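> what shape does this take:
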Amino acid sequence: MKIDEIDHIHLYVENIELAERWYQTILGFSRDESLLFWFGQGGPLVIRNHGASLSLFLRRSQHPGHTVAFRVAARSFSELIPVLKQHNIPFSVSDHDVSMSVYFSDLSDNKIEVTSYEYPDAKQRLENLV
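You can find the predicted model right below:
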């Protein structure tokens, strides 16, 4: 499976507004207006600085740690899902309305997301694979 890039990293924070200001002031991040609807629906606040993207989540019960999301072409799910099944790795699929994602963990319980923004193709492939 070819990974195109690291798409984003989940950061769990105690206060989203303070975290947003900190990342703006210190590292020059700004809101990704195209994904602001997710925040309005109770999801993350996505902030970007050129190719770097962070998804700020309100920490509820998560232990310190992060989720790394890798961006792939939709066809990559046809390679990923059989490998996860072959190795008995539990996974879940999420439809984000503009992207499709597969979530699972590595051997040390680090969270991994594999996501594709080729939405219609990714949705169809995952429906056929799962």
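> buried residues in the helix-or-strand element of the chain with minimal mean pLDDT, which are they?
Least confident element among the helices and strands of the chain, by mean pLDDT, DSSP states H and E: strand 66-72 (a mean of 86). Buried residues in strand 66-72, counted by 16 or more other Cβ atoms under 10 Å: 67, 69, 70, 71, 72. In this view, the C-beta of every residue, glycine as well, is placed from N, C-alpha and C.
> ok, stretch 98-118 next?
Result for stretch 98-118 [16+ other Cβ under 10 Å]: buried residues 99, 100, 101, 102, 103, 104, 113, 114, 115, 116, 118.
> again, but for stretch 18-26
Residues of stretch 18-26 classed as buried: 19, 20, 23 (neighbour count, 16+ other Cβ under 10 Å).
> mind putting the residues you listed into a markdown table with distance to residue 48?
A markdown table is the format used below for the buried residues of stretch 18-26 (distance: Cβ to Cβ, whole Å):
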| residue | distance to residue 48 |
| --- | --- |
| 19 | 14 |
| 20 | 12 |
| 23 | 10 |
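> now, which of those sits nearest residue 5?
Closest to residue 5 out of those is residue 23 (19.6 Å), distances taken as Cβ to Cβ.
> quick one on the thing from earlier: just give me the closest of the buried residues of stretch 18-26 to residue 56.
For the buried residues of stretch 18-26, the nearest to residue 56 is residue 19 (5.3 Å; Cβ to Cβ).
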